[in-house]
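Engineer: generate a structure from the sequence data that follows.
(one chain, ligands or ions: 1)
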Amino acid sequence: MSRNRSLHNPNLTSFPNPSPEFGALTRNSSVTFIPDTLLWWPSYSYRKESGIGFSGEDFFYRDGKFGVRYFVPTGCVLVNEETAAKSEDIPDDDMEYKILKMAKVFAPNKGKVETLRRFVEDGGVRSLTGVIHFANDTEGPPGFVHGGATFTAFDQLVGVMVHYYALHSPHMTLNLTIHYRKPMPLGSVQFFHLRIAKTEGRKMYVDGCIFDPSAGDADEEPFDVAGWDFSQTIPEKYARAKVEGVFYRLAGIEYLEQNRKDSRL
Ligand SMILES: CCCCCCCCCCCC(=O)SCCNC(=O)CCNC(=O)[C@H](O)C(C)(C)COP(=O)(O)OP(=O)(O)OC[C@H]1O[C@@H](n2cnc3c(N)ncnc32)[C@H](O)[C@@H]1OP(=O)(O)O
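Structural biologist: You can find the predicted model right below:
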């Protein structure tokens, strides 16, 4: 049986860059781009650098099947321009380079801590915005993204956000609830917007959505991504999926190592 090529393009396995969605966010003055190579998910780099031995295979995102571009509120950017400029030259598959850069971005040096602290004390919303590309490997219902892949994307994105604002202290998901609102087209580029709604002791309460500007009512103008103030919540009708959950700060990374040892007994 031949596949519908408009829905299943076997060549569409990497992030379309530049994409109009990415362009719309770069024009928005309320958010600032962080090159994704600098805000890569830390587990891979951590296991490589520390040798504590995350020995399992990664899940959906092993081969970058979720292509992601991150934006944070303007005013709380931690990377300097020199590093950002350099990152443009990094080949996508150069993981070793990403690891080195990762370590620098998350390292809790004084300047970075001060930048974020000032931003948060001034009432800044701690959020992560961006575009995400669901490549064809994530197929569930024919032509649409598997719900488990969508969930994994959320967990990954929220994890990145929490790491960004918590500056290297390890967090794990206590719970995360997903609400599927509209099917997620396979191979599409979607927007996401996540935020840390509040912090209570070791708990970080998070919420957010993956949204599509054209998912509103048929007779209205699409959502204006370039002009939207991302300190505001995204209107419900644009959401393809929503989450809310709690992340928990561990006392130290040793907790993970101990559990790993215990599970081998
Ligand atoms: C840079 C390198 C980074 C390296 C680190 C990389 C991390 C990558 C994370 C990626 C995201 C994931 O997928 S993480 C993987 C999925 N998550 C997990 O596997 C977590 C498994 N759970 C656990 O290990 C444990 O439950 C902990 C450590 C999270 C908490 O256990 P604990 O320390 O014994 O604490 P405990 O007293 O039980 O609970 C603490 C508080 O949370 C509440 N609580 C407990 N469970 C829940 C729950 N499901 N929903 C709501 N609340 C809960 C309790 O009532 C309590 O509230 P109160 O009395 O204090 O008010």
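Engineer: got the contact list for the residue lying closest to Ser29 once chain neighbours are set aside?
Structural biologist: Leaving aside its sequence neighbours, Ser29 sits nearest to Thr74 (C-beta to C-beta, 6 or more residues apart in numbering; 6.4 Å). Yep, even glycine has a C-beta here, placed from its N, CA and C like the rest. When contacts are counted by C-beta atoms under 8 Å, 6 or more residues apart in numbering, Thr74 touches 29-32.
Engineer: among these, the buried ones, what's the ChimeraX command?
Structural biologist: In ChimeraX, this line selects whichever of those come out buried by 16 or more other C-beta atoms under 10 Å:
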select :30,31,32
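Engineer: ok, then the element right after the helix or strand bottoming out on mean pLDDT in the chain?
Structural biologist: Here the helix or strand of the chain ranked lowest by mean pLDDT, DSSP states H and E is helix 42-50, holding a mean of 43. Next in sequence after helix 42-50, counting helices and strands by DSSP states H and E, comes strand 66-73.
Engineer: now the angle from the host helix or strand of Lys198 to strand 66-73?
Structural biologist: Here Lys198 sits within strand 189-200, counting by DSSP H and E. The directions of strand 189-200 and strand 66-73 differ by 50 degrees, with axes from the mean of the first three to the mean of the last three C-alpha atoms, to 10 degrees as the criterion.
Engineer: which helices and strands does strand 189-200 pack with?
Structural biologist: helix 20-26, strand 127-134, helix 147-166, strand 203-211 (3 or more C-beta pairs under 8 Å, 6 or more residues apart in numbering; DSSP states H and E).
Engineer: if you count neighbours, what's buried in the first one?
Structural biologist: Right, the one you point to is helix 20-26. In terms of neighbour count (16+ other C-beta under 10 Å), helix 20-26 has its buried residues at 21-22, 24-25.
Engineer: what packs against the next helix or strand after that helix?
Structural biologist: Remark: after helix 20-26, the chain's next helix or strand is strand 31-34, criterion DSSP H and E. With contacts taken as 3+ C-beta pairs under 8 Å, 6+ apart, strand 31-34 sits against helix 20-26, strand 66-73.
Engineer: nearest to the ligand, out of the ones you listed?
Structural biologist: When the helices and strands packed on strand 31-34 are compared by C-beta to the nearest ligand atom, strand 66-73 sits nearest the ligand, at 13.9 Å.
Engineer: before we move on, back to that, winner for burial among the helices and strands packed on strand 189-200?
Structural biologist: For the helices and strands packed on strand 189-200, average neighbour numbers computed from mean count of other C-beta atoms under 10 Å are highest in strand 127-134, which has a mean of 25.
Engineer: that one: partners in the sheet, and parallel or antiparallel?
Structural biologist: Neighbouring strands of strand 127-134 in its sheet, by DSSP bridges, are strand 66-73 (antiparallel), strand 189-200 (antiparallel).
Engineer: run through who's touching the shortest one.
Structural biologist: By that I understand strand 66-73. Residues outside strand 66-73 that contact it (C-beta under 8 Å, 6+ apart) are 14-15, 17, 22, 25, 28, 30-34, 36, 39, 60, 119, 124-135, 138, 149, 152-153, 156-157, 160, 164, 230-231.
Engineer: if we use 7 Å, what do you get?
Structural biologist: Outside of strand 66-73, the residues within contact range by C-beta atoms under 7 Å, 6 or more residues apart in numbering are 14-15, 22, 25, 30-34, 36, 39, 60, 124-125, 127-135, 153, 156, 164, 230-231.
Engineer: the longest one now?
Structural biologist: Around strand 189-200, the neighbours that count as contacts under C-beta under 7 Å, 6+ apart are 16, 19, 21, 125-133, 157-158, 161, 165, 184, 204-212, 225, 230, 234, 240.
Engineer: same thing but 8 Å
Structural biologist: With contact meaning C-beta under 8 Å, 6+ apart, strand 189-200 is reached by 15-16, 19, 21-22, 25, 125-134, 153-154, 157-158, 161-162, 165, 184, 204-213, 225, 230, 234, 240, 243.
Engineer: before we move on, the earlier item: TSV for the buried residues of helix 20-26, including distance to the ligand?
Structural biologist: Output for those, formatted as TSV (distance: C-beta to the nearest ligand atom, whole Å):
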residue	distance to the ligand
Glu21	25
Phe22	25
Ala24	29
Leu25	24
